[in-house]
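Peer 1: generate coordinates for the sequence data below:
(4 chains)
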Protein chains: 4
Amino acid sequence: MAGVGLVRLLFSSDDRPGIVARVSGFLFAHGANIVDLQQHSTDPEGGQFFMRVVFDARRLDLDAATLKSRFAEEVAAPLAGRFRLAWAARKKPAAILVSRADHALLELLWRWRRGALPMELKLVIGNHAELKAAVEAFGLPFYYVPVERGKKAEAELRMLELLGEAGVELVILARYMQILSPAFVDRYPNRIINIHHSFLPAFAGARPYHQAYARGVKLIGATAHYVTAELDAGPIIAQDVARVSHRDGVRDLMEKGRDLEKRVLAEAVAAHLEDRVLVYENKTIVFD
Amino acid sequence: MAGVGLVRLLFSSDDRPGIVARVSGFLFAHGANIVDLQQHSTDPEGGQFFMRVVFDARRLDLDAATLKSRFAEEVAAPLAGRFRLAWAARKKPAAILVSRADHALLELLWRWRRGALPMELKLVIGNHAELKAAVEAFGLPFYYVPVERGKKAEAELRMLELLGEAGVELVILARYMQILSPAFVDRYPNRIINIHHSFLPAFAGARPYHQAYARGVKLIGATAHYVTAELDAGPIIAQDVARVSHRDGVRDLMEKGRDLEKRVLAEAVAAHLEDRVLVYENKTIVFD
Amino acid sequence: MAGVGLVRLLFSSDDRPGIVARVSGFLFAHGANIVDLQQHSTDPEGGQFFMRVVFDARRLDLDAATLKSRFAEEVAAPLAGRFRLAWAARKKPAAILVSRADHALLELLWRWRRGALPMELKLVIGNHAELKAAVEAFGLPFYYVPVERGKKAEAELRMLELLGEAGVELVILARYMQILSPAFVDRYPNRIINIHHSFLPAFAGARPYHQAYARGVKLIGATAHYVTAELDAGPIIAQDVARVSHRDGVRDLMEKGRDLEKRVLAEAVAAHLEDRVLVYENKTIVFD
Amino acid sequence: MAGVGLVRLLFSSDDRPGIVARVSGFLFAHGANIVDLQQHSTDPEGGQFFMRVVFDARRLDLDAATLKSRFAEEVAAPLAGRFRLAWAARKKPAAILVSRADHALLELLWRWRRGALPMELKLVIGNHAELKAAVEAFGLPFYYVPVERGKKAEAELRMLELLGEAGVELVILARYMQILSPAFVDRYPNRIINIHHSFLPAFAGARPYHQAYARGVKLIGATAHYVTAELDAGPIIAQDVARVSHRDGVRDLMEKGRDLEKRVLAEAVAAHLEDRVLVYENKTIVFD
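Peer 2: Numbering: from 1, shown residues only, chains lettered A, B, ... in the order given. Here you go, the predicted model:
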């Protein structure tokens, strides 16, 4: 649900009685009307508490900065909670990183242009130059930052510079085929989303679609997750599968895989942009 | 989530600021710890407010009856709200109505016996006698109440008697092929769940699977809903589809349809038993 | 499966013994190697026979025209069969008709450009001019053919002229919001593909997504079919559904519906282009 | 499609021109009418050829044994092909192996009793005695064959004896928690079907549902496969997934997993019983 005066509050803490009462009491006292609230505790005893609240802020008696500081002081601090406040009307500044494959990139650009991904897309960076024209056709700047052997640090520095200047808050890896260094990842904790193929059972090593074909799998999958220092082991945001059969050759598997990847990535990005994702102990709570 | 001391509260009213604060404040004041809360408003202005709260009642300072009366007086009445309180540990008394087909019945009985459907199953009523042995094998009483031409009222009276004596609160139509009278339906408002096949596009008239076959549909569907006076037009609780192809003859469609029906019906019954369904203006809010 | 020397044969007739032997014997005798064959009979007695054969024609001892005429004479005529021969390497000339919505159009253009839809796309015709720039960005001609009140015949004449000059063999309606006249449809029998939303249950009349919302459906669907004189009742090629909930407003339903429509339409177009669809008595056989 | 006079032929060999012509020519010459034929070649050059033919044998001029020997001699031998002929009316003798969990067992028994699994179920063997009554309620003999530490060979010998006496041709592991020895497996090559959970990504080691929960997966899966000497690495017959969320605890994952397992196992068993599965190089071709 979008709307001019809507604000989203994400809150988490150790569970204890009275959190909902305290948070909702604070909001009510300042003129906010809750329009959507989802709460989840992992356990009634000693569990973790997670909550997403969307409230109508048009009759709020505080400005944004004051709301934030007073909530921090009067609600979050006493409960030892972590929180985030996001105005729905403010689109998050974002960037996309690509290599040569265009399917995930184009899906994002199309959905973004149609208004289905509420982000302020600032730039696209490619470690190859092939997708420059495709990106510029959308009126977006494309930066070519090649990653030469042994000079990854320089390339990442350049990328951080570009991202920093543009004030980017979300980095989307749309089949970006370089592994980001832990130093880079640390700059955007739970702010970099990646997509990769997944299989049941999993196939380690190179050419996974060839392995999946050799094994005769009946399903192929894709997983979108936040990037952490450990490769492809970050918190999962979205997953889906597609059905395949013996009639599908390796190229068919790849084509179906691409369709799946772009769809699952877009779904994960939408969840992030709408502040529906909370991360806790390397797993996500994704509110509907 | 099940648990000894858990209570579920379903609450709805016209939307207005402060409802969450009021409800959660009341609960907190009396020692309840909210473990799951989902709230939904149809519109920030002039919409409807729906909420499901699960709270841990082990440290409650009120007994059940007092909790209910004080909540009614102090919270619901001022907000002109409707509510329901259900102790998770209390299994709802239920009955199943059947005709000749056994697939939906057996699916319910098996899930029930495995503990996946938290109801206190009291009896099964059939307008045919064929399923008597199958039911009794589960240690349940089976009542044969035939519906003779022109004597439906008598049959329904007998059924209401059986249901009433057993204190039944939920009636499940597991392919019960008689249309219940409005008078019967009125006795169990949003307490009778039915399942029927659904197609895209829909097929009116007799032998829908034959029509679906003739039309070459690629999907068949099933819809579970609460029964209202208007036939098959009650609030939808659950729906699903299965894929079919030109290789499927009418009998294959029927077999796939049965698989689907039993699964969708069981899903709808579970949602009801776990107090996850709210009805408003002939549609449902089904909380996760 | 694509390939330089592959030919696809679609054959149907009344069922009788010996058809496979006759067809495969003919092909073998002329140096063709069958690489994929799917056959289906509706009934062993008095049913209909449908077959799709893909064969490797690189060692064929006949040229294309002779193959066709001799197959017609020696195989099809004695069996009173209908057949179609299509060289996989020859991409079918196609056109897209649009109105204002761009989602289905863009999905087709993207897949086409990526090589996933093996057609020779000749032109796009719009009864509105909005999508001209989007189409031309793909290097395709866009023709604006408005349909003025009372002048539909003139507009259709102009469209038929454009399609005829371009030698178009497949017309894709990508959310083209005009109803085509029977005369137009007759010019492209089983050669016009349309997409529309579908629901369980179905909703007649205007604003179906509003009706679906009002009814609280849990699934929305889309159906792609060949256009026949009877509106939206032509042979179904592909169908799919997406899950929705009470959290989805009418606009969310529409967005999910668009995603679904574009995907299902692309799937149906691919099936047609790969000669996997046979039509019989207003239903399709879609080979894998 | 079932039917009194139907015969299924599964044939595979190195690919070469003329196989379909030879097979269908032979069948036609002896009065068989092909009602369903699916053929697949992995590659037009040097690939493998797989075919399933269903034919109406009511007007056959050979008896079953002669058909088989002459087909072997006149068709299979010259093509160096492997084949299997199965009369649809003959139900394959089968056995189920279980431990303590009843969900997969009961699903099979119910489907079997309803006629949806065309097998002649001979017996159930359990390495625990718990499911004896449940099995006997279906009128089937239950044999308790415990597997004591260090005495697995004796137990397997007893099981092979029971299976052999009953003439069993298909062994279904319905959550049988013992690992079968290579010697046992060799007695039933591609004749033992197992089911196990699958995840994206995969989780090695104990308590996979706990691991999946800890990792916050959004999908859980199940894979049915033929048992080979290498554990859980045999040819995959069927796979499916179910959606889960952060609201699902470990027990919910397990319950959903059970539902999935029983469904996928039943699907795989049906494919085997209908002679729709061919195995080649540790992968399956599953015809529709």
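Peer 1: what parts of the stretch 51-200 of chain A come near chain D?
Peer 2: A:S198, A:F199, A:L200 (C-beta under 8 Å from any C-beta of the partner chain). To be clear about C-beta, it is placed using only N, CA and C from the backbone, and glycine gets the same treatment.
Peer 1: skipping adjacent residues, who's closest to A:I19 in space?
Peer 2: A:F49 (5.6 Å; C-beta to C-beta, 6 or more residues apart in numbering or on different chains).
Peer 1: pretty sure the one you found is touching A:D14, no?
Peer 2: Yes: assessed by C-beta atoms under 8 Å, A:F49 is found in contact with A:D14 at 6.8 Å.
Peer 1: so which of the two has more stuff around it?
Peer 2: Legend: neighbour count by other C-beta atoms under 10 Å in any protein chain shown for A:F49 and A:D14, higher for A:F49 (22 against 13).
Peer 1: can you pull the contacts of that one?
Peer 2: By C-beta atoms under 8 Å, 6 or more residues apart in numbering or on different chains, the residues touching A:F49 are A:F11, A:S12, A:S13, A:D14, A:D15, A:R16, A:I19, A:Q39, A:H40, A:S41, A:G81.
Peer 1: quick one: secondary structure of it?
Peer 2: Following DSSP: H, G, I helix; E, B strand; the rest coil, the label given to A:F49 is strand.
Peer 1: roughly how far apart are it and D:G249?
Peer 2: Remark: distance between A:F49 and D:G249 (C-beta to C-beta, to the nearest Å) = 16 Å.
Peer 1: most neighbours of all the residues of the stretch 51-200 of chain A next to chain D, which one?
Peer 2: That'd be A:S198 among those, by other C-beta under 10 Å, with 31 neighbours.
Peer 1: just give me how far the helix or strand of chain A with the lowest mean pLDDT sits from the chain centre.
Peer 2: Lowest by mean pLDDT, DSSP states H and E among the helices and strands of chain A is helix A:208-215, with a mean of 82. Centroid separation for helix A:208-215 versus its chain: 29 Å, with C-alpha atoms, centre = their mean, to the nearest Å.
Peer 1: and stretch A:146-153, by the same measure?
Peer 2: For stretch A:146-153, the separation from the chain centroid amounts to 26 Å (computed by C-alpha atoms, centre = their mean).
Peer 1: also stretch A:234-247?
Peer 2: On C-alpha atoms, centre = their mean, the centre of stretch A:234-247 falls 18 Å from that of its chain.
Peer 1: do it and chain B meet?
Peer 2: No: Stretch A:234-247 lies out of reach of chain B by C-beta under 8 Å from any C-beta, never closer than 8.8 Å.
Peer 1: which strand residues bridge A:R8?
Peer 2: Beta-bridge partners for A:R8, by DSSP bridges, are A:V54, A:A86.
Peer 1: which strands border the helix or strand following the least confident helix or strand of chain A, and is each parallel or antiparallel?
Peer 2: Using DSSP states H and E, the helix or strand that follows helix A:208-215 towards the C-terminus is strand A:219-226. The strands beside strand A:219-226 in its sheet (DSSP bridges) come out as strand A:192-198 (antiparallel), strand A:236-243 (antiparallel).
Peer 1: circling back to that earlier point, tell me which other helices or strands the least confident helix or strand of chain A touches.
Peer 2: Packed against helix A:208-215 by the contact rule (3 or more C-beta pairs under 8 Å, 6 or more residues apart in numbering or on different chains; DSSP states H and E) you find helix A:250-273.
Peer 1: rerun that using 10 Å as the cut-off
Peer 2: strand A:192-198, strand A:219-226, helix A:250-273, strand D:283-286 (3 or more C-beta pairs under 10 Å, 6 or more residues apart in numbering or on different chains; DSSP states H and E).
Peer 1: and the longest one, is it in reach of chain B?
Peer 2: Right, helix A:250-273. No: Helix A:250-273 does not reach chain B (C-beta under 10 Å from any C-beta of the partner chain); its nearest approach is 15.1 Å.
Peer 1: and the contacts of whichever helix or strand comes after that helix?
Peer 2: Using DSSP H and E, the helix or strand that follows helix A:250-273 towards the C-terminus is strand A:277-280. For strand A:277-280, contacts defined as C-beta atoms under 10 Å, 6 or more residues apart in numbering or on different chains pick out A:10-12, A:40, A:42, A:48, A:50-52, A:82, A:84, A:189-190, A:193, A:226, A:228, A:234-235, A:237-238, A:268, A:271, A:284-287, D:216, D:246.
Peer 1: dump the C-alpha coordinates for strand A:277-280 into CSV.
Peer 2: Listed next in CSV are the C-alpha coordinates belonging to strand A:277-280 (Å, rounded to 0.1, in the frame of the first residue of the first chain):
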residue,chain,number,x,y,z
VAL,A,277,12.3,-7.1,5.4
LEU,A,278,13.9,-7.5,8.8
VAL,A,279,17.1,-9.4,9.3
TYR,A,280,17.9,-11.3,12.4
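Peer 1: sheet partners, orientation included, of that strand?
Peer 2: Here strand A:277-280 has these sheet partners by DSSP bridges: strand A:283-286 (antiparallel).
Peer 1: report the closest residue of the stretch 101-250 of chain A relative to chain D.
Peer 2: A:G216 (2.7 Å; C-beta to the nearest C-beta).
Peer 1: D:N282 is in contact with that residue, correct?
Peer 2: Yes: counting by C-beta atoms under 10 Å, D:N282 is a contact partner of A:G216 at 7.4 Å.
Peer 1: A:E154: neighbour count?
Peer 2: With other C-beta under 10 Å as criterion, A:E154 counts 12.
Peer 1: once you drop chain neighbours, what's closest to the residue in the stretch 101-250 of chain A positioned nearest to chain B?
Peer 2: Taking C-beta to the nearest C-beta as the measure, the stretch 101-250 of chain A has A:R243 as its residue closest to chain B, at 8.8 Å. Excluding the flanking residues, the one nearest A:R243 by C-beta to C-beta, 6+ apart is A:L219, at 6.1 Å.
Peer 1: how about that neighbour, what does it touch?
Peer 2: Applying C-beta under 10 Å, 6+ apart to A:L219 gives the contacts A:198-200, A:212, A:241-244, D:198, D:200, D:219, D:221, D:223, D:236, D:238-241.
Peer 1: rewinding a little: buried subset of the contacts of strand A:277-280?
Peer 2: Burial by neighbour count, 16 or more other C-beta atoms under 10 Å in any protein chain shown: within these this picks out A:10-12, A:40, A:42, A:48, A:50-52, A:190, A:193, A:226, A:228, A:234-235, A:237-238, A:268, A:271, A:284-287, D:216, D:246.
Peer 1: tilt between the helix or strand hosting A:E107 and helix C:103-113?
Peer 2: For A:E107, the host element (DSSP H and E) is helix A:103-113. For helix A:103-113 against helix C:103-113, the angle by axes from the mean of the first three to the mean of the last three C-alpha atoms, to 10 degrees is 160 degrees.
Peer 1: tell me the angle of the very next helix or strand once past helix A:103-113 relative to helix A:250-273?
Peer 2: Heading C-terminal from helix A:103-113, the first helix or strand you meet, by DSSP H and E, is strand A:119-126. Relative orientation of strand A:119-126 versus helix A:250-273 (the same axes, to 10 degrees): 140 degrees.
Peer 1: avg pLDDT for strand A:119-126?
Peer 2: In this model, strand A:119-126 has an average pLDDT of 98.
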